[in-house]
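In: Okay, here's the prediction I keep looking at, along with the sequence it came from:
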Amino acid sequence: MPLNIPNLLTWARILLIPLVVGVFYLPLSAAEQNFIATAAFLVAAITDWIDGWLARKLNQTSAFGAFLDPVADKLMVAAALVVLVRLERADVMLAFIIIGREIAISALREWMAKIGAAKSVAVSLVGKLKTIAQMTAIPLLLWHTPIGPIDTFLLGTWSLWIAALLTLWSMVYYLRKAWPEISARSR
């Protein structure tokens, strides 16, 4: 495992997961819990962008980093969604759709890489839009308190619905891209 700044940022993102989850078990006020969880999630989201940018800028890309980065993202999103379902701030079906898609597409990408066809399921625009919707919805739902006239719960809920729809759309997109390989190898 190459020890460089991008990989350290990815590891830091993974280490933030227990904070996002665990803060809701600490004897703090709801406002303090919401603040800490939201701040930790936002730091993780920002480091996700920074580590990729630094890896390219410093020419520190690695196979391990390419593997760990999406794992960290999926773990953070799944952990936050489970917390939000537990707090009754997110619908369990939306969380299931998002987490289920992440598992399915990760498995598809792994299989496609194993057969040498990884480029056909490379990250697409709809996948990036899905991520943006998730990274908007989750902090709003973690924060949960109105910001002036902005109802963060309502805005977060709508963003999560959009994320779930984009999740399904991107899953169909990736499955269609992979379908020729799937059908050729299932005979």
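Out: Received, thanks.

In: contacts, neighbours, all on C-alpha from now
Out: OK.

In: Could you list every helix and strand in contact with the lengthiest helix in the chain?
Out: If you go by DSSP state H, the chain has its longest helix at helix 152-185. When contacts are defined as 3 or more CA pairs under 8 Å, 6 or more residues apart in numbering; DSSP states H and E, helix 152-185 packs onto helix 92-114, helix 125-143.

In: Deepest-packed of those helices, please.
Out: Among those, ranked by average contacts under mean count of other CA atoms under 10 Å, first place goes to helix 125-143 (a mean of 20).

In: what about residue 184, neighbour count?
Out: The number of residues packed near residue 184 is 8, by other CA atoms under 10 Å.

In: and residue 178, what is it in contact with?
Out: By CA atoms under 8 Å, 6 or more residues apart in numbering, the contact set of residue 178 is 112, 120-121.

In: swap in residue 173?
Out: By CA under 8 Å, 6+ apart, residue 173 has no neighbours at all.

In: Just want to check the distance between it and residue 166.
Out: For residue 173, the distance to residue 166 equals 10 Å [CA to CA, to the nearest Å].

In: next one: residue 29
Out: Residue 29 is 34 Å from residue 166, by CA to CA.

In: These two: which is more packed in?
Out: Between residue 29 and residue 166, residue 166 has the larger neighbour count (other CA under 10 Å), namely 21 against 10.

In: Find the nearest non-adjacent residue to the more buried one, please.
Out: Of all residues not flanking residue 166 in the chain, residue 130 sits nearest, at 5.1 Å (CA to CA, 6 or more residues apart in numbering).

In: What sits closest to residue 126 if chain neighbours are left out?
Out: When the adjacent residues along the chain are set aside, residue 126 lies closest to residue 170, with 5.7 Å between them (CA to CA, 6+ apart).

In: Tell me, how many residues neighbour the one you found?
Out: With other CA under 10 Å as criterion, residue 170 counts 22.

In: For it, list the residues it contacts.
Out: By CA under 8 Å, 6+ apart, residue 170 lies in contact with 126-127, 130.

In: Confidence-wise, which of those residues comes last?
Out: The lowest pLDDT within those belongs to residue 127, with 87.

In: Isn't that residue up against residue 167?
Out: Yes - Residue 127 lies in contact with residue 167 (CA atoms under 8 Å); the separation is 7.4 Å.

In: Return the mean pLDDT over stretch 81-99, rounded to an integer.
Out: Stretch 81-99 comes out at a mean pLDDT of 98.

In: and what of stretch 160-168?
Out: Per-residue pLDDT values across stretch 160-168 average out to 97.

In: Name the residues of that stretch that are buried.
Out: 160-168 (16 or more other CA atoms under 10 Å).
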